[in-house]
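Q: with the sequence up front, the predicted model follows.
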Amino acid sequence: VRWMLIGTAGIIWTGLLLQYESRVAMQSAWQPSQITQVMSILLALSSISGIFTQALVTTPVLERWGVGLALAILPASPLTCLAAFFYVKVDGASPPSAVWLILAALPWVASAEGVNSGDGAWLLTATALVLFMTLPGLALFYGGLVRAKNVLSILMQCFALTCMVTLLWVVAGYGLAFGDGGAWNKFIGGGKFLLAGITRDSVSGSVPESVFLMFQMTFAIITPALVVGGYAERMKFSAVLVFSTLWLMLVYVPVCHWVWGNGWLMQMGLLDFAGGTVVHINAGVASLVAALLLGNRRGFPQSAMPPHNLTMTVTGASMLWVGWFGFNAGSAVAVNGDAGMAMLVTHIAAAAGSLSWMAIEWFKHGKPSVLGIVTGMVAGLGTITPASGVAGPMGALAIGLTAGVVCYLSTQLVKRVLRMVNINEFKREQ
């Protein structure tokens, strides 16, 4: 009975406040603040705490939870008198009920001018998903494909690149990629070095600029990490760091500006919704050139060098699939139809690419392989990425099915060509 009376006091507080609000509703409006709106939430909670407490204390096991809720909420009720006064002067009309106060107080997170709370929340999530693609997704994917003695080397390279690219992006990468280069803006950006001028109130579109630059940072992180697959087991760790630093600043950053930073490719109308040019073509060409220059691993193809742990590879591939939703759907930088369709077509293309690669491998070799199906997934995801903002479901299906077949045939061709070159060189040396 004691706690029911305390809960009822919360309801009485609400009634008194609503009567007071009706007397001040037509007074001049004041500017709202996050503090008063949060206090309005406490007001609404205090009004329902009595009912909630009464429901909980009927069960002995839950009695302490009901008591705790009442103690946590009701002491704030006196403070919400002032909150209601501020809030109603802003609204200009008396709310019909305490429930209205709950709904009206929720948008406080979007109070910053120009910022959409939904867009910002989604981009925060997408940023975490894209970083999840590198750590641990890509690291595990590549780690399972190499020999057991080199797995820690691959994991170390992916981890170190994440740290190094983060600092490079902060120092100059973001400014050169997305800053204003003035007369040279067609070719390279400028300004915002060391993130100068970026504050809590900085806005990029409908999201905080801090979130946008963090989202783009994860793209910069994963791209040189993708290149690692081209020279895996053939480059010293120190060389990886030097090469990746130079490649990021001399190749990735300019191309990123050309395509997404209002550079000359963007002005020509190049369509790259989520990184088909900036990330995948960029990293693919770098990987192929690095592999050609470095040559085969010692002893290959005379000695077989199969993946040491396909369980690790499949685990990493599954993480890549999930993280790719942030990669593509997050590139809409908004919660809208583009983001929803990008997520849908991404999933369709991944599934279609996996099955088409598996089918052609099954037809050619008499049985499918787990490495083939996950590689087909990557093929489908990579090819849908630039078109994820414009393709529909049937387009995604066609792209995914084509990607699995074309990428399978292309890898076979590249392997044969590379093997012929190295065998001829081996014969000349003999």
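A: Structure's in. What do you need?
Q: does residue 245 touch residue 164 like I think?
A: Yes: Residue 245 lies in contact with residue 164 (Cβ atoms under 8 Å); the separation is 6.7 Å. The C-beta positions use only the backbone N, C-alpha and C, and glycine is treated the same way.
Q: can you pull out the helices in the stretch 201-350 of the chain?
A: Counting by DSSP state H, counting those that start in this stretch, the stretch 201-350 of the chain has helices at residues 209-227, 237-247, 253-260, 264-267, 282-294, 310-329, 337-365.
Q: any chance of the ones you listed in a markdown table with mean pLDDT as columns?
A: What follows is the helices of the stretch 201-350 of the chain, written out as a markdown table (pLDDT from 0 to 100):
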| stretch | mean pLDDT |
| --- | --- |
| helix 209-227 | 96 |
| helix 237-247 | 96 |
| helix 253-260 | 96 |
| helix 264-267 | 94 |
| helix 282-294 | 91 |
| helix 310-329 | 96 |
| helix 337-365 | 96 |
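Q: where does pLDDT dip in the stretch 51-200 of the chain?
A: Applying pLDDT under 70 to the stretch 51-200 of the chain flags residues 51-113.
Q: rerun at 90
A: Low-confidence segments of the stretch 51-200 of the chain (pLDDT under 90): 51-115, 182, 191.
Q: what segments of it are helices?
A: Assignment of helices within the stretch 51-200 of the chain using DSSP H, counting those that start in this stretch yields the ranges 63-73, 79-91, 98-105, 117-132, 139-145, 151-168, 174-178.
Q: and the fifth one, how far out from the chain's middle?
A: What it means is helix 139-145. 21 Å (Cα atoms, centre = their mean, to the nearest Å).
Q: which other residues reach stretch 404-411?
A: By Cβ atoms under 8 Å, 6 or more residues apart in numbering, the residues outside stretch 404-411 that reach it are 352-361, 372, 375-376, 379-380, 383.
Q: quick check: which of the helices of the stretch 201-350 of the chain is nearest to residue 157?
A: Nearest to residue 157, of all the helices of the stretch 201-350 of the chain, is helix 237-247, at 5.3 Å by Cβ to Cβ.
Q: returning to what we had before: nearest to residue 296 among the contacts of stretch 404-411?
A: Nearest to residue 296 among these, with distances taken as Cβ to Cβ, is residue 375, at 19.7 Å.
Q: the closest residue to residue 286 other than its chain neighbours and residue 385, how far apart?
A: Nearest residue to residue 286 in three dimensions, chain neighbours excluded: residue 227, at 4.7 Å (Cβ to Cβ, 6 or more residues apart in numbering). Here the criterion is Cβ to Cβ, to the nearest Å. By it, residue 227 lies 17 Å from residue 385.
Q: now find how far off-centre stretch 354-361 is within its chain.
A: Put simply, stretch 354-361 sits 28 Å off its chain's centre (Cα atoms, centre = their mean).
Q: cool, stretch 280-299 as well?
A: Centre to centre, stretch against its chain (Cα atoms, centre = their mean), the figure for stretch 280-299 is 27 Å.
Q: for residue 353, list the residues it contacts.
A: 376-381, 383, 400-401, 403-404, 407.
Q: for stretch 225-237, give me every contacting residue.
A: Residues from elsewhere that reach stretch 225-237 (Cβ under 8 Å, 6+ apart): 134, 138-139, 142, 145-147, 150, 153-154, 156-158, 160-162, 240, 243-244, 247, 279-280, 283, 286-291, 294-295, 297.
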